[in-house]
Every structure is written in C-alpha cells, then in structure tokens.
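# Need a 3D model of the following:
(chains A and B)
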Amino acid sequence: MFNMAANTSNRKWLEPHSHLSLQLWETIGTGLFNLFILGILVVYLFPILYIVATAFMEGPQLRDRNAPPYPSRHTRLEYEGRDYPIYNVPIDGEIRPLALVEQGRTSSQFLDPANPDGGLITWEGNWRQLKGVYHFHMTWDNFSTLFRSLAIPKMLQNTLVMTIISEIGVLLSSIVVAYGFSRFPLPGGNLLFYVLIGTILIPEKVTLIPTYFFFVRILNWQGTWLPLLVPFFFGNAVFIFLLRQNFKSIPKDLDEAAMLDGAGPLRILFQVILPQSWPTVITVSLLHFFYMWNETRQAALYLSTSRDLSPISFGVQNFQSLAPIQNQLQASALILMIVPVIVLLVSQRYFMRDVVVTGMEK
Amino acid sequence: MLIRNKPIFRMRYDQTFGLLLISPWIIGLLLFKLLPILASLVISFTDFQLLTPEQTRFVGFDNYTRLWKDEAVGYVLFETIALGISTIPLQLVASIFLAALLNNPRLKSGNILRTLFFLPSIIPGVAIFFMWFGFADPNVGWLNKLILEPLGLTGFSDLYSDGAIALLFSISSLWSIGPGMLIMLGALQGLPPEIQEAARVDGAGPLVRFFYVTLPLISPAIFFAIVINLITIFGGVILLDRGNVFSGSYSPYDGYVSYMLFDKLDLGYAAGLAWFFFIIVMFVVVALFSSARRWVYYPDRDV
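Predicted coordinates:
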C-alpha cells in the first residue's frame, strides 16, 4: 500500500488537477476517434447518395452541368405572363440574382426579381458563363414512369414468393444436414465434411452445361421457377457449414438430458438445439434472403422468355436495355435495393450476431 | 452410479440415422455437383454444338489442345489472376482495418455502425452496377464533378476505357467486404483479453501488439476470408452472390466461358475451358490449404 502511494506521488498525471485534464484528453480522444469512423462511413456510403439524389431529379437537371447535386430546379421569375431563369450575375462588384430576359453573347438584359418594375438592367458578358440560381425540388415522376414501363409490383411479388419457398427449403434441409454433421458418426469420419467444404469451391461454370440440359431437356423446366428453387431443397454448403459450427458449440449434455427424458433425435434438434442457435438460423435466412433478391443469373438461363415470372433483380437488369435516362435508371436501382436495405436495418440486432467463424477448423 | 445411459446414447446417435439426416445434401451433391462435373468432362471431349447436337462427335483432346493455342485463354487467365492479386489484398486489409476500428471499445453505437458498413454488401449487384456507372459518368455523374475536379485532378473522359473499368472495379470491390469484415470482427471479439494484457505488461506498443499478437491469433479468420474472396473470383457461389457486376460474370475467365457458351454456342469447347479452370482452381486451393499449415494458428489442432 505504502509503496504504491509513494510510487504514484511522483507521477504528475495522477495528481488531482491533472487527473481532470487526463479525463478531458480521454473525452477528446474518444470524440476524435468516433468522428474519424463517421468520416470513413460517410465516404464509404457516399455513392448511395448518388442513387437517392438522382432518382428524384427531373430530366433537365441532368443536362445542366452547373446544377447542384441535390434534386433541384432552376429558379425562375414570373413577370407579366412570362417566366425568366434567374442567374447569379456579378455586377457592380457584387453578385446579384437577376432574371435573364434577353440573351446576348456580349451583353444581356436582366430584371431584378426584388424589383421587377425597376426596368431592365444591362450586363456586359456572355450569359452562358453565368451560374444559375437553384432551389430544392424533388419529383416522383421517375417512379411513376418506371411503374408504367415495368411490372414492378408483379416482379416484387415474384421475388417474394420465390424467396419464401426457397427459404423454407434451404433452411429445413441445411438445418437437418448440419445436425447430421454435428452430432452423428458418419462413414469416412470427417471425409464427407471436407467434401462439403470442397463443393463450395467448385466454379459454377463447370456444372452449368449438364445442369442446364438436365433441367431443360430432361425435366422440361424451361420457363418455370423450378430450376431456381428445387436445388435449395438439397441444402446450401455454406449454410450447412455455419450451422454445423454453431451446433457443435452447443454442449452435448443437454441432448443427453433430453434423451434420458425419452426425446428422439428430431425432437432434440427442434426443442433443444434450435432454440439455442436462433441467431445463426436468422443470419442464414437473411443471407439467403439477400441472395434471392440479388438473383439474376439463373433467371437469365431459365426465365428469359417468361416475362411474367421474372424476379425483380432480373427485370431491373433488363430495364437497362431500354436505354432509360440516368434518373429513371437510378430510380429502378433504388426500388431494387430498398427492400434488402430495410430488412438489414430492421434485423441488424440479430444479423451475424454470435456467428463467429474462425476458419475451417473442426 | 451411471446416470448417463451410454448404450441408449449410442443407439440414438447411430450412423444410419446420421446418413438419413445428411441424405438431402448427398442427393444434391450427386445430382448438382458430381454428375454434372463428370458430364462436363465427357462433353469437353466432344465437339458438342447447341444448334447441331445430333452431329456431336468424340474429338479426344482437341478442345484442350485448342485452348492451349488460344491466345484469348492466356489473356483472360492473366486478367483473372491480376484481378485476384489487385482485389483480394485490398479487401483483406480494408476488412481487417474496419474490423479493428469497429472493435474498439471507445466506439459509440457500434452495432448500427457495423450494420451501415455492411450495408453495401447486401445491395443487389444490378443496383450497384447502375450506381457506379452513373456515379462515374463523365457527363451526369459525381465522380468528376464532386471529387476529382475539386481535388484538382483531371476527370475521366471515357468511362469505358480499360483503365477506368479496372479502377472502378477495384473501388467497387471495397463495397463487398461486408462478410469478410464480420468474420474478422467475430475473430477479434473472440480473442482472450489476457493475451493482449500480457503483451502490454511486457512493454509491447499498440502496433507491435497488433502485428505480433492480434494478427497471428486471427489468422484462421484471415484464411477463411481469403478462401471466400478467392471463390468469388473463381466463380463459385458463396455468402452473398455478387461476383463481378461489371462484366456480368465473375472474372474475365468466367466471362470468356460465358461467351463460348451463350454467344458461340460451342458447348464442347466451353466445357473444356471450364474443366481446365476447374483444375487450376483445385491446384490453387490445394496450395492454399497446404500453406495454411505454416501460417494459420489453431489453438487446439488435433489433426
């Protein structure tokens, strides 16, 4: 005790008055650190703002190089039944917003919006070099155009139905298979598990041609959802891996206790193991949800001629071939991304919680 | 004395029931992986054309000698490797950096920040594609107007030049680090604080602690992230299927196979290309996994 006191007395930063400043430094440091991360976040997410801003812009703003980045309109002055665009004009050593009445290459005529009856003001110079005055103005027109040219509600419905069906399939099969891998002795020891991980590494192209022929020529599934949905009922290797790691971390004692009470293996799975692994189950189902919302490649193979079965991502991808202008394109991107973004934000408390994947270890 | 009834335990967890449980996966493995891979191999020894399937002949190794002489194959293979070399380290460093920041106890509302950093990774690839091409468009985009020109740099004039696409791809690869970041974060949160504390007591500074203590301890997560990123480049399907949103496929090589498949309808050659790539992928994977013994740390390795 005594020794410690002696030790601290010659350390200035532990004295009462400088202790306060240490706390101050702590606060400043923490504040700067949080600001730093916020700064990185703003830069990181900055391009999303482009989608949001452009989706609400009107066409003329896109062609105007001087327009601000937010949705806006060129401010105009209405005077005696006509309206004139307002520009920032450098005149008499100050910059004044004036309405352009008569354009000229060397001199132009302006009206003062504050005093329109005050007569014309002449300014020497090329009006094209002037910057306009803009005010915030957003439009929903891009979305109404989009809803007219694409069957958005139908495609959203398609994606939703496909997601629900395949979600049930992939969850049931992956959970059951993961349970088998985590608790039961299997022939070949860990060999089957290594095969499972190995299948994750197979390039898609090497299985593509025969799979396509199998679905289209043998099963005649062209133009149906079946080729997109059925494979999910046989489990997803990544999900099986994640679930298996999680099931393994649950102590076997609980299984054994339930077993003594006479519970069968499936009852143990659904009443003992699953209630403890719901964060992983939720994460897996969310990953599948995001995957389905993103799906275009299988749709391009099997649904390219059946428009009314098209999922939203594929429909929006095809929208590009109509060469729409940028604001409608971004509006379609916004519609496509809004559902997964909302789902992520709502579920963020559960997503990827406790899913600690530390590698390919056993 | 024996409370645990071992015989019953053994009986319940028997092999047959285990096989029954994993049977969906085994059937799927046969139907959608093994048989197609073998069928692909068979097709690669034929001159199978989509439009004239009845004229298919067995051509031996013709497709493989053809791809050996095909200059485009060397080019797309090189491009694919370059893509991996330029994006995987970038993604790794960025995900470790972000995870280390987000793991800092000084961080306020870490949960929502973590989610926001993950957000770009769940935006559908099509939307990302529209966004980057709009964002970087020389006429209507923001890249020139709001970033490059205010910084005094010359903006892009041609968005479709090779350099611009490569740059866009590198930047956008930073937009799919979400899963990698969460894997790193999970690994960092699983570290026992005593080890850090011990290194600190021994006088190791924060940087030394990070490089000599933290990094080796999270090496399994780094390994896992490398595998995930490699698979994305190779054209496997994992976690969030985003791939290369710019060429409509994952890698230049993948794109070339698609071209042979969907534009030339030359299925025999496409199958040969796919199988050749499959062999390369297996080679890389085996090399990676055997290198893991040397640099990946496992606390309770019993293999």
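
# Next up, the contacts around residue B:127.
A:51, A:316, A:333, A:334, A:336, A:337 (CB atoms under 8 Å, 6 or more residues apart in numbering or on different chains). The way it works is simple: take the backbone N, C-alpha and C, and place the C-beta from them, glycine included.

# buried sites along the host helix or strand of the fifth one?
Here residue A:336 is covered by helix A:326-347, with elements defined by DSSP states H and E. Neighbour-count burial for helix A:326-347 flags A:326-337, A:339-341, A:343-344, A:347 (criterion: 16 or more other CB atoms under 10 Å in any protein chain shown).

# For residue A:136, see how far away residue A:94 is.
Applying CB to CB, to the nearest Å, the value for residue A:94 to residue A:136 is 24 Å.

# Please say which of these two ends up with more neighbours.
Set residue A:94 next to residue A:136 and count neighbours by other CB atoms under 10 Å in any protein chain shown: residue A:136 wins out with 10 against 7.

# Moving C-terminal from the helix or strand of chain B with the lowest mean pLDDT, which element do we reach first?
Lowest on mean pLDDT, DSSP states H and E among the helices and strands of chain B sits helix B:6-12, with a mean of 48. The first helix or strand that comes after helix B:6-12 along the chain, using DSSP H and E, is helix B:15-29.

# which helices and strands sit right next to that next one?
Counting by 3 or more CB pairs under 8 Å, 6 or more residues apart in numbering or on different chains; DSSP states H and E, the packing neighbours recorded for helix B:15-29 are helix A:152-183, helix A:191-200.

# deepest of those helices, which one?
With neighbours defined as mean count of other CB atoms under 10 Å in any protein chain shown, these peak in mean count at helix A:152-183, which reaches a mean of 20.

# Centre of the chain to that helix, how far?
A distance of 20 Å separates the C-alpha centroid of helix A:152-183 from that of its chain, computed with CA atoms, centre = their mean, to the nearest Å.

# ok, and does the longest helix belonging to chain B reach over to chain A?
Counting residues, the longest helix found in chain B (DSSP state H) is helix B:71-102. Yes. Helix B:71-102 reaches chain A (CB under 8 Å from any CB of the partner chain) through B:98, B:101, B:102.

# right, and the last one touches residue B:117 too?
Yes. In terms of CB atoms under 8 Å, residue B:102 counts as a neighbour of residue B:117; the distance is 7.0 Å.

# Least confident of the helices and strands packed on helix B:15-29, on average?
Lowest mean pLDDT within the helices and strands packed on helix B:15-29: helix A:191-200, a mean of 87.

# For it, name the packing helices and strands.
Counting by 3+ CB pairs under 8 Å, 6+ apart, helix A:191-200 packs on helix A:152-183, helix A:237-248, helix B:15-29.

# Dump the ones you listed into JSON lines; add distance to residue B:191 as well.
JSON lines is the format used below for these (distance: least, CB to CB, whole Å):
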{"stretch": "helix A:152-183", "distance to residue B:191": "25"}
{"stretch": "helix A:237-248", "distance to residue B:191": "18"}
{"stretch": "helix B:15-29", "distance to residue B:191": "33"}
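
# List the buried residues in stretch A:76-84.
A:76, A:77, A:84.

# who does the first one bridge with?
Taking DSSP bridges, one finds residue A:85 as the beta-bridge partners of residue A:76.

# Now the residue nearest the centre of chain B: which helix or strand?
Chain B has residue B:229 as the residue nearest its centroid, 2.4 Å off, counting by CA atoms, centre = their mean. For residue B:229, the element it lies in under DSSP H and E is helix B:219-234.

# other SSEs contacting that helix?
Using 3+ CB pairs under 8 Å, 6+ apart as the test, helix B:219-234 ends up in contact with helix B:71-102, helix B:178-189, helix B:267-295.

# near chain A, anything from the second one?
So the one you mean is helix B:178-189. Yes. Counting by CB under 8 Å from any CB, chain A is contacted by helix B:178-189 at B:182, B:183, B:186, B:187, B:189.
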